[in-house]
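[1] predicted model and sequence below, questions to follow.
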Amino acid sequence: MGAAPGQAARVDRGPGDRHDSGKIACQDGAGGKKGGRAVQAGQAVTGGIGRAPRVTAVTCVKNEGPFLIEWIAWNRLIGVTDFLFYSNDCTDGTDALLDRLAEHGLVRHLPNPAEGRNYQMEALKAAARDPVVTGADWIWIADVDEFLNIHAGDGTIAALIAACGDPQAISVSFRFFANGGVERFEDRPVVAQFTRTHNPDIWCGETAIEVKTLVRRDFPLQYFGAHRPFLRKGLPAERRPRWTDGSGRPVQHRFLVAANPRRIRKFPAKGARVHATLNHYALRALESYLVKNDRGDVNRAHRAFDDTYWRERNDDACEETSLLRHLPALEREMEALKALPGVRALHEEAVARHRARAADLLERPAYRALRDRLRAAPPMCPAEEALIAELGLEEA
C-alpha cells in the first residue's frame, strides 16, 4: 500500500534501485495557508543521522497547476516535510489548487510579496523569516520542474546528508532532460515521459553546471539565492561553512565565497553527481513549452524561453532512468493526494486550462512558427554544433 497523506511516506526499494542495471545508460552516480506544520510525509524516513530531519521546500510558481501534484508527491517521498509556495498572476488554477492543499495541511501558500518585479528574490527574503523555514532543519529551494534524484542509500534527503558527511550545505548539479520528440501534453508523471538526456561528462565544464542547494539551518546566512545561499559579510575564514557538491566533495573556494559574479551559481559538473543529481525537466512536451513561453519566467520578467533555451537543454544523447525505481511509490502518492476532497477536480481543471491555452497559442502564427522551429532544431547544444563546424566535421 502507498502512503496516504498524513502517514509516513517511504521510497520503494527493489531490484530497480541499482545504478548498474543494464536498463540505465549514461548514469550519474557510483502547513495550512496561515501556517503550521505540513502533513508528516517523511517522518519515518531515516538516513543514518538519527531522527528524520525536518525539511522545508520553498518555491515560486505561476501557472504550474498540472505539475503540482507530481512535484509535491515526489518531494514527500524523498523526505520533504513542509512546503512553502509563493504564487503570482495565475490563470490556470494553480493558486486555487494550492489553497485547497493548504486547507488539508499539506502546504503553506502565500501570494508573492513582490510587486511586478524580482518575484523570486522578494519571496526568498520573506521566506527567510517564515516560521516554516526558521523551524526547519534543512531548506530546499527549487522549481516545480526540478526533481532531486538521490542515488545514495534509500534515495532520501536523510541518506544524501549522511553520504555527504552532514555538511552545512549541499549543492547538487543539474542534468537537463530533453523533450524526446514528445509534442502533446499528457496528464501523467513527467519523470516517466522524459528520460533522454545529455552525457553527464561531455561538456560538463559548461553544460548543466548550475546547481541548487540544500541548506542546513545553522548556515551562516546573509540571504538565500535561488541557486545557493550567500555568506554573511565579513565572516572570518574559520567560520566558513562546510559545503559540498553532490558527491560529498568540498565546493571550490571561489564558488563558496562568490568571488566570480558570473559563476556564483555554477561550477564544473564532472564527478559532482555521485550521491545526487538535480533532474531538470525544463522542456517537457512541446505544447507545454509553448505555454511556458507564453507565461514567461516567474523569476526573471524579461527572460525568453526561445529556440536557444530549448537547444541548450534538448540534448538526447542517452537514456537515464534511475529515478524511475521510485515510480510505483510516486504514482501511489499522487493518487493519495488527488483523493483528498476537492483536489482531483482542481487538478483536472488546471490540466484542462493548460490544454486550452496550448490550443489557443497554436492559433497564432508566431507560436506556430516557434513550434516549427523547435521541431526542426538539431538535437545538440549550440556549443557542440559550433565545435563540430570548427573542426570541419559537419556533414557535406
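    Yep, that arrived.
[2] so which elements touch the one helix or strand Glu349 maps to?
    Assessed by DSSP states H and E, Glu349 sits inside helix 343-361. Judged by 3 or more C-beta pairs under 8 Å, 6 or more residues apart in numbering; DSSP states H and E, the packing partners of helix 343-361 are helix 68-78, helix 94-103, helix 286-295, helix 327-338. Placement of C-beta: from N, CA and C, glycine included.
[3] may I have the longest one as CSV, with CA atoms only?
    As requested, C-alpha coordinates have been extracted for helix 327-338 and formatted as CSV (Å, rounded to 0.1, in the frame of the first residue of the first chain):
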residue,chain,number,x,y,z
LEU,A,327,7.8,5.4,-9.9
PRO,A,328,5.3,3.0,-8.3
ALA,A,329,5.6,4.8,-4.9
LEU,A,330,5.3,8.2,-6.7
GLU,A,331,2.1,7.2,-8.5
ARG,A,332,0.5,5.9,-5.3
GLU,A,333,1.4,9.1,-3.5
MET,A,334,0.0,11.2,-6.4
GLU,A,335,-3.3,9.2,-6.3
ALA,A,336,-3.5,9.7,-2.5
LEU,A,337,-3.1,13.4,-2.9
LYS,A,338,-5.8,13.6,-5.6
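[4] mind listing what's buried in that helix?
    Going by neighbour count (16 or more other C-beta atoms under 10 Å), the buried part of helix 327-338 is Ala329, Leu330, Glu331, Arg332, Glu333, Met334, Ala336, Leu337.
[5] for these, which one is nearest Gly116?
    Closest approach to Gly116 among those (C-beta to C-beta): Leu337, at 32.4 Å.
[6] low-scoring stretches of this protein, by residue?
    Along the chain, segments meeting pLDDT under 70 span 1-51, 203-205, 297-305, 394-396.
[7] please enumerate the strands of it.
    Listed in chain order, the strands of the chain (DSSP state E) span 55-61, 82-87, 108-111, 138-141, 146-150, 169-176, 196-197, 211-216, 221-224, 229-231, 243-245, 276-280, 318-319.
[8] now for the third one, which elements pack on it?
    This points to strand 108-111. strand 82-87, helix 94-103.
[9] can you state the direction angle for the last one and strand 55-61?
    Pointing back at helix 94-103 there. 160 degrees (axes from the mean of the first three to the mean of the last three C-alpha atoms, to 10 degrees).
[10] all numbers from here: first residue = 6
    Okay, residue one is now 6; in that scheme the one you just asked about reads as helix 99-108.
[11] outside of helix 99-108, which residues touch it?
    36-38, 66-70, 73, 77, 90, 92, 112-114, 342, 345, 347-348, 351-352, 354-355 (C-beta atoms under 8 Å, 6 or more residues apart in numbering).
[12] now the helix holding Glu354: buried residues?
    Val348, Leu351, His352, Glu354, Ala355, Val356, Arg358, His359, Arg360, Arg362, Ala363, Leu366.
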